[in-house]
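**Student:** When you get a sec, could you give me coordinates for this:
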Amino acid sequence: MRQPTASTVLIAVLLVAGCGGGPRDATSTATPPVTAPPATTAPTPTGTAFNPTDIAWLQLTVAMTERLLPVLDLVPARTTDPAWRQTATQVATTRRADLDRARRLLADAAAPTTNPHEGHDMPGMATAQEMTALRAASGQPFHRLLAGHLRAHLAQSVRIATAEQQSGVQPATVALAAAVVRSGTADLERLDHLDPRQQRALSRER
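**Tutor:** The predicted model follows:
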């Protein structure tokens, strides 16, 4: 059951990010509202301030990435397919680098070190039950589950990074968002080639 994040400021540009209630699945792109931390600005060492959108996006990016990496860590033990292994390795390498950058930026902003999304099952995050299903699967069934979780994570990451590009102000944070959009879009295209049946199903739904 998802819980709303306590906050005093609603960041309109991150309404798509999600911390509301209701059911979801690995391929869902539903995006209920998310709230941001209190509206404060913090200077970086060079004096460029972060706005609340920057902070909210960085915190959500950290939370989402921390939930994705355990999914990717399952791949070597659950499949011998070299294409899926290579894709998981590439995505994990990129996302770990993004996670390091996001954490450094949050430190520069003097943002709270606690995770405001702790315990929340939001779009783009695998739940405990879904992790159990992934650990029990192998081969093609695992590929299908993995594809769903990867697609949900990447699509949501691109969506909220685009919002940060539009409304963030801190240059290094906006630059990180641009990198997330580029890598996420490329990874989604790669996933389409690995999982063409799901892509055709999504196209029919649209």
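
**Student:** Report how many residues lie close to Asp73.
**Tutor:** With neighbours defined by other C-beta atoms under 10 Å, the count for Asp73 comes to 11. To be clear about C-beta, it is placed using only N, CA and C from the backbone, and glycine gets the same treatment.

**Student:** Quick one, grab the pLDDT at it.
**Tutor:** Per-residue pLDDT puts Asp73 at 96.

**Student:** how about it, what does it touch?
**Tutor:** The contact partners of Asp73, by C-beta atoms under 8 Å, 6 or more residues apart in numbering, come to Ala92.

**Student:** Thr79 versus that one, what's the distance?
**Tutor:** Going from Asp73 to Thr79 by C-beta to C-beta, to the nearest Å gives 13 Å.

**Student:** Would you check how far apart Gln59 and Ala155 are?
**Tutor:** 19 Å.

**Student:** Which residue of these two possesses the greater neighbour count?
**Tutor:** Looking at Gln59 and Ala155 with other C-beta under 10 Å, you find the greater number of neighbours at Gln59, namely 24 against 20.

**Student:** can you tell me the helix or strand for that one?
**Tutor:** helix 52-73 (DSSP states H and E).

**Student:** CA atoms of the helix or strand following that helix as PDB?
**Tutor:** Proceeding N to C from helix 52-73, the next assigned helix or strand is helix 75-78, under DSSP H and E. Coordinates of each C-alpha in helix 75-78 appear next as PDB, following Å, rounded to 0.1, in the frame of the first residue of the first chain:
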ATOM      1  CA  VAL A  75      20.400 -11.200 -13.800                       C
ATOM      2  CA  PRO A  76      23.700 -13.300 -13.700                       C
ATOM      3  CA  ALA A  77      22.100 -16.000 -11.600                       C
ATOM      4  CA  ARG A  78      18.700 -16.100 -13.400                       C
END
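
**Student:** still on that earlier bit, buried residues in the helix holding Gln59?
**Tutor:** By 16 or more other C-beta atoms under 10 Å, the buried positions in helix 52-73 come out as 52-65, 67-68, 71-72.

**Student:** what stretches of this structure score poorly on pLDDT?
**Tutor:** Along the chain, the parts satisfying pLDDT under 70 run over 1-47, 114-121, 196-206.

**Student:** where exactly do the strands run in it?
**Tutor:** Counting by DSSP state E, residue ranges of the strands within the chain are 42-43, 49-50.

**Student:** Partner strands of the last one, with direction?
**Tutor:** It refers to strand 49-50. Applying DSSP bridges, strand 49-50 is found paired with strand 42-43 (antiparallel).

**Student:** How many neighbouring residues does the residue lying closest to Thr53 once chain neighbours are set aside have?
**Tutor:** Excluding its sequence neighbours, the residue lying closest to Thr53 (C-beta to C-beta, 6 or more residues apart in numbering) is Ser167, at 4.6 Å. Neighbour count of Ser167, defined by other C-beta under 10 Å: 18.
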